[in-house]
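A.B. asks: pasting a predicted model and its sequence here:
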Amino acid sequence: MSETTETIFSKIIRREIPVDIVYEDNLALAFKDIHPQAPVHILVIPKKPIPTLADAESQDHALLGHLLLTAKRVAEVAGLENGYRVVINTGNDGGQTVYHLHVHILGGRQLNWPPG
Ligand code: 5GP
């Protein structure tokens, strides 16, 4: 299901591809999605190249928590006080296209449910 090859997000972490970075620390990077699906669409990624959520292991426990708390802080800074959606597309059926784990933060408009 997953690939272990380098992805475009590895290049983004190494600053080989320009992105609009909104947050960075030693474990994670957050940047604006290049094709936003909402007025605010930010991706939070681990610097560790875990391909999908399904590939995360028990040793990644703290990192996964860090990604969610980072998503929360990024949403606060982005002014999403009315709410937002956090999405982790996982694998083919989940609609994942980049095989480097990432958390979508979507907000700034009313989001529908269920997703397509
Ligand atoms: P997925 O479909 O895998 O859950 O989401 C991958 C996301 O990465 C998509 O929303 C896509 O627009 C975004 N993306 C892909 N390549 C780039 C890029 O080079 N720069 C930025 N900022 N976003 C990208």
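C.D. replies: Nice, I can see it. None of these values were measured; they are calculated from a predicted model.
A.B. asks: and stretch 84-96, what's buried?
C.D. replies: 84-85, 88-90, 96 (16 or more other C-beta atoms under 10 Å). No exception for glycine: its C-beta is placed from N, CA and C like everyone else's.
A.B. asks: of those, list those near the ligand.
C.D. replies: With C-beta under 6 Å from any ligand atom as the criterion, the buried residues of stretch 84-96 include 89, 96 near the ligand.
A.B. asks: need the buried residues of stretch 84-96 in a markdown table (columns: secondary structure, pLDDT and distance to T70).
C.D. replies: As requested, the buried residues of stretch 84-96 are exported to a markdown table (DSSP: H, G, I helix; E, B strand; the rest coil; pLDDT from 0 to 100; distance: C-beta to C-beta, whole Å):
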| residue | secondary structure | pLDDT | distance to T70 |
| --- | --- | --- | --- |
| Y84 | strand | 98 | 13 |
| R85 | strand | 98 | 16 |
| I88 | coil | 98 | 13 |
| N89 | coil | 98 | 18 |
| T90 | coil | 98 | 18 |
| Q96 | coil | 98 | 19 |
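A.B. asks: closest one of the buried residues of stretch 84-96 to E6?
C.D. replies: Q96 (15.9 Å; C-beta to C-beta).
A.B. asks: and the closest one, its phi and psi?
C.D. replies: Here the main-chain torsion angles of Q96 (degrees, to the nearest 10) amount to phi -70, psi 130.
A.B. asks: host element of the closest residue to D25 other than its chain neighbours?
C.D. replies: Leaving aside its chain neighbours, D25 sits nearest to T70 (7.7 Å; criterion: C-beta to C-beta, 6 or more residues apart in numbering). According to DSSP states H and E, T70 maps onto helix 61-77.
A.B. asks: where's the residue nearest to D25 relative to G95, distance?
C.D. replies: 22 Å (C-beta to C-beta, to the nearest Å).
A.B. asks: how much space between A71 and the ligand?
C.D. replies: 14 Å (C-beta to the nearest ligand atom, to the nearest Å).
A.B. asks: tell me the strands beside the longest strand seen in the chain, with direction?
C.D. replies: Secondary structure of the chain per DSSP state E: the longest strand is strand 40-46. Paired strands of strand 40-46, with direction, are strand 28-32 (antiparallel), strand 103-107 (antiparallel) (DSSP bridges).
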